[in-house]
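Asker: Sequence and predicted structure, then a few things I'm wondering about:
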Amino acid sequence: MIELTDLFWLLALAGVGGYWWQSHAVKDMALQIVRKHCADFGVQLLDETVVLRGLWLRRGEGGGLRWWRSYLFEFTATGDDRYPGSVEMLGRRLLALELAPHRLN
């Protein structure tokens, strides 16, 4: 027989698993957006990764709560220097993408 505490822990585990799955999908989406943006601007994304900088709840357009995520990445324009960039996502929607001022080739 399943006790109430067992059901609670099972639901908590499912919630954590669902959050991890969704977070991974949003991070992959942010990485794809950054890759395309870097290619469009003729710069190279370094390390082929984005790193989570911030996370909190924020209201979306419809008034519902969504996870706001901010990611950092590094890029180069000349191959000699590293420059920072950032991307912000609200749920699965892009809010902002910024590249630091950098030298051109």
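Answerer: Good, I have the coordinates. Numbers count the residues shown, from 1 in each chain.
Asker: Tell me the pLDDT of Arg103.
Answerer: The score at Arg103 is 82. That number is its pLDDT.
Asker: Could you measure from it over to Gly63?
Answerer: Distance from Arg103 to Gly63, counting by C-beta to C-beta, to the nearest Å: 43 Å. Where C-beta positions appear, they are placed from N, C-alpha and C, glycine not excepted.
Asker: neighbour count winner among these two?
Answerer: It is Arg103, of Arg103 and Gly63, that has more neighbours when counted by other C-beta atoms under 10 Å, with 10 against 6.
Asker: can you tell me which residues contact that one?
Answerer: Ala77, Thr78, Asp81 (C-beta atoms under 8 Å, 6 or more residues apart in numbering).
Asker: Which residues are in contact with the nearest residue to Arg59 once chain neighbours are set aside?
Answerer: Counting by C-beta to C-beta, 6 or more residues apart in numbering, the nearest residue to Arg59 once its immediate chain neighbours are dropped is Leu65, at 6.2 Å. By C-beta under 8 Å, 6+ apart, the contact list for Leu65 reads Leu57, Arg58, Arg59.
Asker: In JSON lines: these, plus distance to Trp9.
Answerer: What follows is the contacts of Leu65, written out as JSON lines (distance: C-beta to C-beta, whole Å):
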{"residue": "Leu57", "distance to Trp9": "24"}
{"residue": "Arg58", "distance to Trp9": "29"}
{"residue": "Arg59", "distance to Trp9": "31"}
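Asker: among these, who's most crowded?
Answerer: Neighbour tally across these (other C-beta under 10 Å): the maximum, 13 neighbours, falls on Arg58.
Asker: Tell me the confidence at Asp81?
Answerer: In this prediction Asp81 is given a pLDDT of 90.
Asker: my guess is it contacts His102, does it?
Answerer: Yes: Asp81 is within contact range of His102, at 7.2 Å (criterion: C-beta atoms under 8 Å).
Asker: ok, these two, which is more surrounded?
Answerer: Under the criterion of other C-beta under 10 Å, the comparison of Asp81 against His102 puts His102 first, with 16 against 11.
Asker: can you give me the helices in the chain?
Answerer: When assigned using DSSP state H, the helices of the chain occupy the ranges 4-41.
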